[in-house]
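K.L.:
Everything below, folded, please.
(chains A and B)
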Amino acid sequence: MATIELHRPRGPLAELGKYGAVFSTTVRTQLAYAGEMALRTSFLVIILYVFLQLWQATFAAQGATAIAGFGVAQMVWYLALTEAIVMSRPRLSGILDEEVRSGEIAYRLVRPYAYAGYHLAAHAAERGLRFLVNLAVGTALALLYVGPVAPSWSGVPVALVVAALGALIDFLALFGIGLLAFWIEDTSSVQLIYSRLVMLLGGMLLPLEVFPEPVGSVARALPFSTMVYAPARLALAGGDAAWVLELLARQAVTLAVGGALVWLLYRAAARRVNVNGG
Amino acid sequence: MPPAIEADDLEKRFSAKQTAPGLLGSLRAAVRPTYRETVAVAGCTFAVDAGEPVAFIGPNGAGKSTTIKMLTGILYPSGGSARVLGLVPWAERRTLAYNIAAVFGQKSQLWYHLPPLATFDLLARIYELEQREYRRRAAELIELFELGPHLHTAVRRLSLGERMRCELAAALLHRPKVIFLDEPTIGLDVIAKQRIRALIRRLNTEEGTTVFLTSHDADDVEQICKRVIVINHGTLILDEPISTLKSDYLQKKVVDLRRHDRNGGWELEQLLGVETLEQSEWGLKLEVDTAAQPIERVISHLVGRHRVADITISDPPMEEIIAQIYQRRPEAVAAGAVATQVGVPRGDD
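P.N.:
Numbering: from 1, shown residues only, chains lettered A, B, ... in the order given. So this is what the prediction gives:
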């Protein structure tokens, strides 16, 4: 009996190539939203100005030139960096939620790629592009408001690695929350809580050294701090080798545990697909 | 050659939360949810040969899309088995994906803010096509589907007909052996529908692609397919060549006429096989049994007696065809009745 000759995957390079193509196509589509991106960065103008005023008042009231090792200028630069990180986070959970509810997930699942891999490539493209724009605008504003500060030249490359790993942890969390759409009607409340935790306990507004104890120690121990506080701190003030190693080890453990949990969640979700609209 | 698609006692059940009407009902549903199990597909068995164009039809909620989604590996079945191109779809989804395509008429696979060519380029990488092969195939499809003028226009600016041709071309880039078409002509005008049908027919005859089509449009079924499988309440009720369906169930046509004048009656008494569905001073809707009365004679009769402003001829709706099948096959009604819904309170799952 004759058999049908099937196309099969060509190998790991071709597999990687398809995620590269998703990445570049997402960058192209994001450029179509250039106006929206510019509008979003205008928020930085306001928040950096407000915090500049607040910090100046706080330093004057305390008669201090530095709080927790940071002067006014460093505080503004810290905020510019953390805002650039936080504001670059795409609404991945919302996208997944919408795909599940609208039934668009059907088109994702009939393609020869990994569903998570597709979203990781698209997420990285959107996040990377937004980060570059936010960083450029944040840098320009910080220069305008408080002038330059000397970065930690040894800390900047480490900060980039830590920021990339932090973004990967954030992706896993957002992807996991999005998958909850298979069990709960609407994931927006979970997304909201998670985003607020990243902002507050991640140290977006204040360096964690400023937090009172025991909140500061708890925040430093949680993964959120490795996404926001740690890269900004490393870029501005550097860090000793022991702390950097501890940070990277914590990120590796978070990625391993988080990755395993999300994989289990995805396996369970795949069996619950109930494509809407037909 | 083994069948391209085989389904054996394929079954899918869903459970959905039920909410009673009113505030009290919503509160009760929040505290102690009740779930209702729906049998979407109740043990379907059929096979489709390689290269065969088959219509899989039925009214809304019959289980058509659910069956397609099980055959493409998107949904896990609740029971039974299936093979597409010899693969178990839900277990070998990714290998199967290289060899099949699906077009869902109500959803788009094209990137909305980018030109169609950007989606084509992306799909070429996703399906791991060699650049030379991709260029050749894309050129072929662009010419066949007349996409040249639209290739560099953002998808959001294309008409529905133009977009649909792009959707089909995108689905065909990797030369799928089986294509699942779920309402491919929905929302299109008559001309656009004709073009899409002609393209699908050409794809089937020239490339030997197996076509598995669902549609509510009887013309899609008639013009594209050679065999029809009818499903209702998740149960197969008919599996016959299209010629049999045409002679048995599609011999009726609906004529809708508007006239300029309102003088005189409609004078239909001498026409056999013609039933008046609606009638007013200005308009008339008839059902013509073409086995008893050629449609041309009815038209010439009407045009000869009235100043006709507008006239359309259409097939009876799919629901009516299904109703006719039921009338002639009472056993199908009994089978459909089995696929009922059962309320079951339960905890989280």
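K.L.:
and A:Ile47, what element?
P.N.:
Using DSSP states H and E, A:Ile47 maps to helix A:34-62.
K.L.:
mean confidence for the helix or strand following that helix?
P.N.:
With elements assigned by DSSP H and E, the helix or strand that comes after helix A:34-62 is helix A:72-86. Looking at helix A:72-86 alone, the average pLDDT works out to 92.
K.L.:
which helices and strands sit right next to helix A:72-86?
P.N.:
Where contact means 3 or more CB pairs under 8 Å, 6 or more residues apart in numbering or on different chains; DSSP states H and E, helix A:72-86 is packed against helix A:34-62, helix A:115-146, helix A:229-237. For the C-beta atoms, the positions are set from N, CA and C on the backbone; glycine is no exception.
K.L.:
which bits of the stretch 1-150 of chain A sit near chain B?
P.N.:
A:1-4, A:6-10, A:14, A:17-18, A:20-22, A:25, A:28-29, A:32-33, A:102-107, A:109-113 (CB under 8 Å from any CB of the partner chain).
K.L.:
still on that earlier bit, now render the helices and strands packed on helix A:72-86 as TSV, adding mean pLDDT, mean neighbour count and distance to B:Asp9.
P.N.:
TSV is the format used below for the helices and strands packed on helix A:72-86 (pLDDT from 0 to 100; neighbours: other CB atoms under 10 Å in any protein chain shown; distance: least, CB to CB, whole Å):
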stretch	mean pLDDT	mean neighbour count	distance to B:Asp9
helix A:34-62	85	14	51
helix A:115-146	93	19	29
helix A:229-237	93	25	56
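K.L.:
mind putting these in a markdown table, distance to A:Ala164 included?
P.N.:
Listed next are these as a markdown table, based on distance: least, CB to CB, whole Å:
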| stretch | distance to A:Ala164 |
| --- | --- |
| helix A:34-62 | 21 |
| helix A:115-146 | 9 |
| helix A:229-237 | 9 |
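K.L.:
helices and strands around the longest helix anywhere in chain B, which ones?
P.N.:
What stands out as the longest helix in chain B, according to DSSP state H, is helix B:190-207. On a contact count with 3+ CB pairs under 8 Å, 6+ apart, helix B:190-207 meets strand B:53-57, helix B:160-172, strand B:210-214, helix B:218-224.
K.L.:
and that helix, which residues are buried?
P.N.:
The neighbour-count check on helix B:190-207 (16 or more other CB atoms under 10 Å in any protein chain shown) flags B:Ala192, B:Lys193, B:Arg195, B:Ile196, B:Arg197, B:Leu199, B:Ile200, B:Leu203, B:Asn204 as buried.
K.L.:
so what's residue 115 up against?
P.N.:
By default, I'm working from chain A. Counting by CB atoms under 8 Å, 6 or more residues apart in numbering or on different chains, A:Tyr115 touches A:Arg108, A:Leu109, A:Tyr266.
K.L.:
Switch to chain B, please.
P.N.:
Contact analysis of B:Pro115 by CB under 8 Å, 6+ apart lists B:His150, B:Leu151, B:His152, B:Thr153, B:Ala154, B:Val155.
K.L.:
Tabulate these in TSV, adding columns for neighbour count and pLDDT.
P.N.:
Formatted as TSV, the contacts of B:Pro115 follow (neighbours: other CB atoms under 10 Å in any protein chain shown; pLDDT from 0 to 100):
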residue	neighbour count	pLDDT
B:His150	21	89
B:Leu151	15	89
B:His152	11	89
B:Thr153	15	91
B:Ala154	17	91
B:Val155	20	92
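K.L.:
Do stretch B:130-138 and chain A come into contact?
P.N.:
No. Counting by CB under 8 Å from any CB, no contacts exist between stretch B:130-138 and chain A, the nearest distance being 9.1 Å.
K.L.:
how far does that stretch sit from the chain's center?
P.N.:
30 Å (CA atoms, centre = their mean, to the nearest Å).
K.L.:
before we move on, the earlier item: separate out the buried members of the residues of the stretch 1-150 of chain A next to chain B.
P.N.:
Listed as buried from these are A:4, A:7, A:18, A:21-22, A:25, A:28-29, A:103-107, A:109-113; burial here means 16+ other CB under 10 Å.
K.L.:
Tell me which of those residues fall in strands.
P.N.:
Counting by DSSP state E, those place none of their members in strands.
K.L.:
Which residue is the nearest non-sequential neighbour of A:Thr41?
P.N.:
Nearest residue to A:Thr41, sequence neighbours excluded (CB to CB, 6 or more residues apart in numbering or on different chains): A:Val137, at 4.3 Å.
K.L.:
Check A:Ala235 too.
P.N.:
In space, and not counting its chain neighbours, A:Ala235 is closest to A:Ala159: 4.0 Å by CB to CB, 6+ apart.
K.L.:
Identify the residues contacting the one you found.
P.N.:
By CB under 8 Å, 6+ apart, the contact list for A:Ala159 reads A:Ala230, A:Pro231, A:Ala232, A:Leu234, A:Ala235.
K.L.:
element containing B:Lys187?
P.N.:
No, residue B:187 isn't Lys; it's Gly. With DSSP H and E as criterion, B:Gly187 is part of no helix or strand.
K.L.:
what residue is smack in the middle of chain B?
P.N.:
B:Ser215 (1.7 Å; CA atoms, centre = their mean).
K.L.:
What values do phi and psi take at that one?
P.N.:
Reported as degrees, to the nearest 10, the phi and psi values for B:Ser215 are phi -160, psi 150.
K.L.:
Please read off the pLDDT at it from the model.
P.N.:
87.
K.L.:
Spit out the contact partners of it.
P.N.:
B:Ala55, B:Ile57, B:Leu181, B:Glu183, B:Pro184, B:Thr185, B:Ile186, B:Val221.
K.L.:
ditto for B:Arg28
P.N.:
If you count contacts by CB under 8 Å, 6+ apart, then B:Arg28 has B:Ala20 around it.
K.L.:
and what of B:Gln270?
P.N.:
By CB under 8 Å, 6+ apart, the contact list for B:Gln270 is empty.
K.L.:
What is the nearest of the buried residues of helix B:190-207 to chain A?
P.N.:
Using CB to the nearest CB, B:Asn204 is the member of these that lies nearest chain A, at 16.0 Å.
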